[in-house]
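**Student:** structure for the following, please:
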Amino acid sequence: MLPIGGVGVRDLTEWSWEPGVLLPLLASAVVYARGAYALRRRAARGGVRSWEIAAFAAGWLTTALALLSPLHEASEQIFTAHMIQHELLMVVAAPLFVLGRPIPVMLWAFPRDTRRRLGDVAHARPVRGTWAALTRPVDAWLIYGIVIWVWHIPAFYDLTLRSDAVHALQHACFLGSALLFWWSMLRGGRRAAAGTAVLLLFTTAVHTSVLGALMTFSRTPWYPPYAAGAAAWGLTPMGDQQLAGLIMWIPLSVVYLVAALAVLRRWLADSEWTVAQRERAVAAAPLR
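**Tutor:** Numbering: from 1, shown residues only. Model prediction:
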């Protein structure tokens, strides 16, 4: 965790091989690869598209970069690096994982009987009800927003610098809430929800921009424990915080707004296709 004394940039030379991070990452890669291979052999039954495999791989690599690369060590020294780490998990890795359809693909890594048993569990009423509640667009948006704001409360954020367990919990909350949020925005499956998704993505851009602006224009440091690390990087505590705030404020807003435009474009395209199909059906109907 964050050293009590001075820290130096020279320490940022090694990757972290924390088993609690490395082993789940390796297991997820193996299971997904087996499932994708099995599905590609059965392409007539639906298969998995190449771009979905590429999306999952990119999400996996982004997660490894955030949690295993020297960026992880830097995140314990300066707030800016910690911000970059979290945003890689929440607005890069999470949507890429969602686009990669990991759950149905991974199921195909298991024998048929195991798949059936897992399917029975997934379709059990308590599991379906819980999943439906967590992935309703407004509920997922609310969970995501609460997680972002609560974990940036200085008292909670400082705890992550003193405890590996709390730091791991923070990462789990960020990635877990982001997966729910992006799944509800990108994979909800209901046409009527697309308009809601556009609005929720826009409001997420707004409230995260507000948080970033508050950090940027604050006159006092929110996270004093980063002072020693910032000095080693040639930054003042306020300069470190302002840079982190700008990262949350501007680049993140662009990501949410681009996602909103993509959902809107897909929604309009679906609407046009539906109208065209109805017009063809009317034209093909015999006159009475």
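**Student:** low-confidence ranges in the protein?
**Tutor:** 1-13, 43-46, 188-192, 270-288 (pLDDT under 70).
**Student:** and the gap between the residue nearest the centre of it and residue 178?
**Tutor:** Residue closest to the average C-alpha location in the chain (C-alpha atoms, centre = their mean): residue 94, at 2.5 Å. Distance, residue 94 to residue 178, using C-beta to C-beta, to the nearest Å: 4 Å. C-beta: built from backbone N, CA, C; applies to glycine.
**Student:** residue 164 now?
**Tutor:** 21 Å.
**Student:** again with residue 160
**Tutor:** Note on residue 160: its distance to residue 178, by C-beta to C-beta, is 17 Å.
**Student:** out of these two, which sits in the busier spot?
**Tutor:** The residue with more neighbours, out of residue 160 and residue 178, is residue 178; 26 against 23, by other C-beta atoms under 10 Å.
**Student:** for the more buried one, pull up the helix or strand it's in.
**Tutor:** Using DSSP states H and E, residue 178 sits within helix 164-186.
**Student:** in the stretch 51-200 of the chain, which spans are helices?
**Tutor:** 70-75, 79-87, 94-99, 102-107, 112-122, 125-134, 137-151, 154-160, 164-186, 191-217 (DSSP state H, counting those that start in this stretch).
**Student:** show me what the fifth one is packed up against.
**Tutor:** In this structure, helix 112-122 makes packing contacts with helix 102-107, judged by 3 or more C-beta pairs under 8 Å, 6 or more residues apart in numbering; DSSP states H and E.
**Student:** can you give the contact residues for the helix it packs on?
**Tutor:** If you take C-beta atoms under 8 Å, 6 or more residues apart in numbering as the criterion, helix 102-107 is touched by 28, 31-32, 35-36, 39, 48, 52, 56, 115, 118-119.
**Student:** go with 10 Å
**Tutor:** For helix 102-107, contacts defined as C-beta atoms under 10 Å, 6 or more residues apart in numbering pick out 28, 30-40, 46-48, 52-53, 55-56, 59-60, 97, 100, 114-116, 118-119, 122, 179, 183.
**Student:** contacting residues around residue 134?
**Tutor:** The neighbourhood of residue 134, defined by C-beta under 10 Å, 6+ apart, consists of 140, 143, 176-177, 179-180, 183-184.
**Student:** most widely separated two among these?
**Tutor:** Spanning the widest gap among these are 176 and 184, at 13.0 Å by C-beta to C-beta.
**Student:** out of these two, which sits in the busier spot?
**Tutor:** With neighbours defined as other C-beta under 10 Å, residue 176 and residue 184 compare such that residue 184 has more, 25 against 16.
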